[in-house]
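1. Have a look at this prediction, sequence included:
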Amino acid sequence: MAIAPTFIWLIAGLVLCVMELVTPTAFIELLMGVGAFAVAGISFLFPQLGLGLQIAAWMGVSLGLVAGTRKLLPKRTPHIIAESQEAQTLTELAPGKPGRVLYEGNSWRAKCDDPQMAIAAEEMVYVVRREGNTLIVIPQNLLNF
C-alpha cells in the first residue's frame, strides 16, 4: 500500500518543525516545515500534481516565507564606537603592546595608536577607533595644546 503524498508532506512538515525546536536555525526549518504543510494542502486539493511540481511548490513557498519574514525582523546594526571618547588606562600600554582601559564602565583590551609610544597606568586617553575587540587610543595630553 502506497502512502499518499499528503501524508508524506505532513510528516516532513512535522519533522522540520520539531527539528527547529531541537536545533534552532533562526526559524528556517520552521518556515520550511510550514511550507511542507502548505504543499500537503496543495497535494490534497490537487492529487494529480507530480512529485516534481510538489517539490518546486515546497521550495517556492519556503523561500517566499523566509524572504517575507526577513523583512519583518529588525535591522541589526553593528555597535560603532563614537570618535574621541574618553577612557582611562588600567594598566600601562607598552610601545606596540596591548593593555587594559576602562571605557564606559567596562575593561577593554587597548593599544596605543602610535606603536612607538607608551602610556602610563591611570592616565586619561581618547578612543580613536575599534579594531575587533581592541580599542585604539591616544593619550589625552597629546590633544591638550
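-> Received the coordinates, thanks.
2. contacting residues around the helix or strand where C17 lies?
-> Following DSSP states H and E, one finds C17 within helix 5-22. By C-beta atoms under 8 Å, 6 or more residues apart in numbering, the residues outside helix 5-22 that reach it are 27-30, 32-37, 39-40, 43-44, 47, 51, 54, 58. For every residue, glycine as well, the C-beta is placed using N, CA and C.
3. Please indicate which of those are buried?
-> 27-30, 32-37, 39-40, 43, 54, 58 (16 or more other C-beta atoms under 10 Å).
4. Show me the residues you listed that map onto helices.
-> 28-30, 32-37, 39-40, 43, 54, 58 (DSSP state H).
5. Of the residues you listed, which is the nearest to G132?
-> Using C-beta to C-beta, I28 comes nearest to G132 of those, at 28.3 Å.
6. Enumerate every residue touching that closest one.
-> Contacts of I28 by C-beta under 8 Å, 6+ apart are E20, V66.
7. likewise the one 3 residues further on?
-> Counting by C-beta under 8 Å, 6+ apart, L31 touches S62, L65, V66, T69.
8. in which helix or strand would I find the last one?
-> Put plainly, it is T69. Here T69 is assigned to helix 51-70, by DSSP H and E.
9. Now do the SS call for the residue minimising distance to the centre of the chain.
-> Among the residues of the chain, the one closest to the centroid is R76, at 7.7 Å (C-alpha atoms, centre = their mean). When classified by DSSP: H, G, I helix; E, B strand; the rest coil, R76 comes out as coil.
10. related to what we said a few turns ago, export the ones in helices among the buried ones among the contacts of helix 5-22 to JSON lines and tack on pLDDT and distance to V22?
-> Converted to JSON lines, these look like this (pLDDT from 0 to 100; distance: C-beta to C-beta, whole Å):
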{"residue": "I28", "pLDDT": "90", "distance to V22": "13"}
{"residue": "E29", "pLDDT": "92", "distance to V22": "9"}
{"residue": "L30", "pLDDT": "92", "distance to V22": "12"}
{"residue": "M32", "pLDDT": "95", "distance to V22": "14"}
{"residue": "G33", "pLDDT": "95", "distance to V22": "12"}
{"residue": "V34", "pLDDT": "95", "distance to V22": "17"}
{"residue": "G35", "pLDDT": "96", "distance to V22": "19"}
{"residue": "A36", "pLDDT": "97", "distance to V22": "17"}
{"residue": "F37", "pLDDT": "97", "distance to V22": "18"}
{"residue": "V39", "pLDDT": "96", "distance to V22": "22"}
{"residue": "A40", "pLDDT": "95", "distance to V22": "21"}
{"residue": "S43", "pLDDT": "92", "distance to V22": "26"}
{"residue": "Q54", "pLDDT": "95", "distance to V22": "26"}
{"residue": "W58", "pLDDT": "95", "distance to V22": "21"}
